[in-house]
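>>> Okay, sequence plus prediction incoming.
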Amino acid sequence: MVRRMTMHVLPGWLAVVTVCLSNVTSQAAEKPPNFVVVFTDDQGYQDVGAFGSPGIETPNLDRMASEGVRMTDFYVSQAVCSASRSALLTGCYNVRIGILGALGPQSKIGISDDEWTIAEVLKQKGYATAIYGKWHLGHHQQFLPTRHGFDDYFGLPYSNDMWPFHPGVLHLPMEERLKRWPHLPLIEGEKIIKRPVTPEDQTHLTTWYTEHAVKFIEDNKDEPFFVYVPHSMPHVPLYVSDKFKGKSKRGLYGDVIMEIDLSVGQILSTLDRLGLDDNTLVIFTSDNGPWLSYGNHGGSALPLREGKGTMWDGGCREPFIARWPGKIPAGIECSEVGATIDILPTLAKLAGAPLPKHAIDGKDIWPLLSGQDGAKSPHEYYAMYWGRDLHAVRSGQWKLHFPHDYRSLKSEPGADGLPGPYINKHTDLALYDLKADISEATDIAAEHPEIVARLQKYGDEIRAELGDARTKTVGKGVRPAGQLRE
């Protein structure tokens, strides 16, 4: 009898359990993925072990690369802070949305209310969103992250050197320093919680940003989330916590990178501890190349040419790593062209979120990240502006520079927090094969007139859309930056 009861009842129990497990599995499968984007400041192409750093240990970033994808030809929109960040967050070339250069504490513009950030796009699918770090898209209340899709914010509104404690002004009385830069504020939500930010405070920034990111992940582990961690470092002036002082063979700069690497490791450990690893895409890259004039307090873009402030590849090609166990194959390398403008449409596609109705420039690069056979860059060409001047276009392995001036080190760089001088140089029309000549050393325009002609047509096309100050072309697709409402 017992055996018969078991025979009759067990299938019912099994059916119930099967249905429950099926529902749980279905719900898990339907939950949108989580996203973590770590964005450093002025970190050079070479300043990660997986990208060839000879003197800086980055075990957590190297682990990300070994467990995910390393993109070798990944670009920012411009090699300067606000311009670069605006492109990442909106999926647009920064010239399209009117954000140029590095906005300072006297600026009266910022990101427009009409633009959609990654956070606003993901909000359509119920994501919890946060930013912990440097914003730099306008410091007035109407421009702050909490007005542009982010639920939470903790960090600096602009660069950490925009303050009266910069090494270059320490010889002046504070009264004179404050005429150049006001005291730097630390903001939580929309409230200034500390002003002035002191040198001691700056030694804790990387730690504070990481702690906030970890807590946000813990608090939102049961819902889809997007956390953006734009570190203030390694932008000068450099600061590091006591636990990393003197740890790197590369001096203070290397110490700072090692602490950022630890931050990445703590985020990865949190995801693992909470069982979120297999449903979270983690991305690491930088806003532009190294500030070469600062010498030992700046990074290295080798073997690329030049650095921050130029659209040679040393200024705008960045280390890029993405990891998502089970979705991104381990240890793959991609040499196709991708860019920060592609992150918004890629995350939107993965989350099933509609894109903004206005024009954006980014493309879905998930086929590249996921290592799909035969995947190619979705960009027929990629445009490289400095300010409103079109400096270059890249298409496949080819990069064409249009005639322009650019800055270069005059002689020896500075050291220990003080910069060396720049001089202006000029390039005429020049073509480079980046597959054979990663350092943009040999102009081969005369040998390939048909390629020059094709890339010149791309230049004409993007000028018509986004303009070009050098040729006095007005772009039909440019939108204004946000203006401060008095």
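Yep, it's here.

>>> ok, residue 91 - contacts?
The contact partners of residue 91, by CB atoms under 8 Å, 6 or more residues apart in numbering, come to 118, 341-345, 355-356, 360-362. In short, each C-beta sits where N, CA and C put it, glycine included.

>>> per the record, what domains does this protein have?
According to automatic domain parsing, the chain comprises the domains 33-379, 383-483.

>>> out of those, deepest packed?
domain 33-379 (a mean of 21; mean count of other CB atoms under 10 Å).

>>> pLDDT on that domain, on average?
For domain 33-379, the mean pLDDT works out to 97.

>>> how far out from the middle of the chain is that domain?
4 Å (CA atoms, centre = their mean, to the nearest Å).

>>> same question, stretch 399-410
Distance, stretch centre to chain centre, for stretch 399-410: 23 Å (CA atoms, centre = their mean).

>>> same deal with stretch 366-384?
For stretch 366-384 - counting by CA atoms, centre = their mean - the centre lies 18 Å from the chain centre.

>>> Might you report the residue contacts of residue 114?
Listed by CB under 8 Å, 6+ apart, the contact set of residue 114 reads 358, 479.

>>> what secondary structure does it sit in?
Here residue 114 is coil, with the state taken from DSSP: H, G, I helix; E, B strand; the rest coil.

>>> And the closest residue to residue 383 other than its chain neighbours, how close does it get to residue 299?
Nearest non-adjacent residue to residue 383, counting by CB to CB, 6 or more residues apart in numbering: residue 462, 4.5 Å away. Noted for residue 462: a distance of 29 Å to residue 299, by CB to CB, to the nearest Å.

>>> got the CA positions of stretch 311-329 in PDB?
Taking C-alpha atoms only, stretch 311-329 is exported to PDB below (Å, rounded to 0.1, in the frame of the first residue of the first chain):
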ATOM      1  CA  MET A 311      43.700  62.600 -31.800                       C
ATOM      2  CA  TRP A 312      46.700  60.600 -32.600                       C
ATOM      3  CA  ASP A 313      46.000  57.100 -31.200                       C
ATOM      4  CA  GLY A 314      47.900  57.700 -28.000                       C
ATOM      5  CA  GLY A 315      45.300  60.300 -27.100                       C
ATOM      6  CA  CYS A 316      42.100  58.500 -28.100                       C
ATOM      7  CA  ARG A 317      42.700  54.700 -28.200                       C
ATOM      8  CA  GLU A 318      42.100  53.100 -24.800                       C
ATOM      9  CA  PRO A 319      42.600  49.800 -23.100                       C
ATOM     10  CA  PHE A 320      39.200  48.000 -23.100                       C
ATOM     11  CA  ILE A 321      38.200  44.800 -21.300                       C
ATOM     12  CA  ALA A 322      34.700  43.200 -21.000                       C
ATOM     13  CA  ARG A 323      33.800  40.100 -18.900                       C
ATOM     14  CA  TRP A 324      30.600  38.200 -18.600                       C
ATOM     15  CA  PRO A 325      31.100  34.500 -17.700                       C
ATOM     16  CA  GLY A 326      29.100  32.200 -20.000                       C
ATOM     17  CA  LYS A 327      28.300  34.900 -22.500                       C
ATOM     18  CA  ILE A 328      31.700  36.200 -23.400                       C
ATOM     19  CA  PRO A 329      34.200  33.500 -24.200                       C
END
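
>>> on that earlier part again, show only the entries of the contacts of residue 91 found in helices.
Secondary structure defined by DSSP state H assigns 118, 343-345 of the contacts of residue 91 to helices.

>>> still on that earlier bit, quick one: residues contacting the residue nearest to residue 383.
Shown in contact with residue 462 (CB under 8 Å, 6+ apart): 381, 383, 390, 393.

>>> partner residues bridging the second one?
Beta bridges link residue 383 to residue 393, judged by DSSP bridges.

>>> Use 25 as the first number for this chain going forward.
Sounds good: first residue 25 from here, last item residue 407.

>>> separation between it and residue 275?
Taking CB to CB, one finds residue 407 at 36 Å from residue 275.

>>> swap in the first one?
In this structure, residue 405 lies at 39 Å from residue 275, with CB to CB as the measure.

>>> again, but for the last one
From residue 417 over to residue 275 the distance is 37 Å, taken as CB to CB.

>>> Residue 79 is in contact with residue 272, isn't it?
Yes. Between residue 79 and residue 272 there is a contact at 6.9 Å, judged by CB atoms under 8 Å.

>>> Give the full set of residues in contact with residue 161.
With CB under 8 Å, 6+ apart, residue 161 has these contacts: 106, 109-110, 113, 123, 127, 134-135, 167, 172.

>>> repeat that with 10 Å
105-106, 109-110, 113-114, 121, 123, 127, 133-136, 139, 141, 167-169, 172, 181-182, 505-506 (CB atoms under 10 Å, 6 or more residues apart in numbering).

>>> Sort out which of the residues you listed are in strands and list them.
Using DSSP state E, 133-134, 506 are the members of the contacts of residue 161 that sit in strands.

>>> Return the closest of those residues with respect to residue 466.
The shortest approach to residue 466 among those belongs to residue 133, at 40.5 Å (CB to CB).

>>> Give me the pLDDT for the closest residue to that closest one other than its chain neighbours.
With CB to CB, 6+ apart as the criterion, residue 133 has its nearest non-adjacent residue at 4.4 Å, and that residue is residue 505. On pLDDT, residue 505 comes in at 98.

>>> Let me see the ranges of the helices in the stretch 375-510 of the chain.
Secondary structure of the stretch 375-510 of the chain, counting by DSSP state H, counting those that start in this stretch: helices at 390-393, 473-490.
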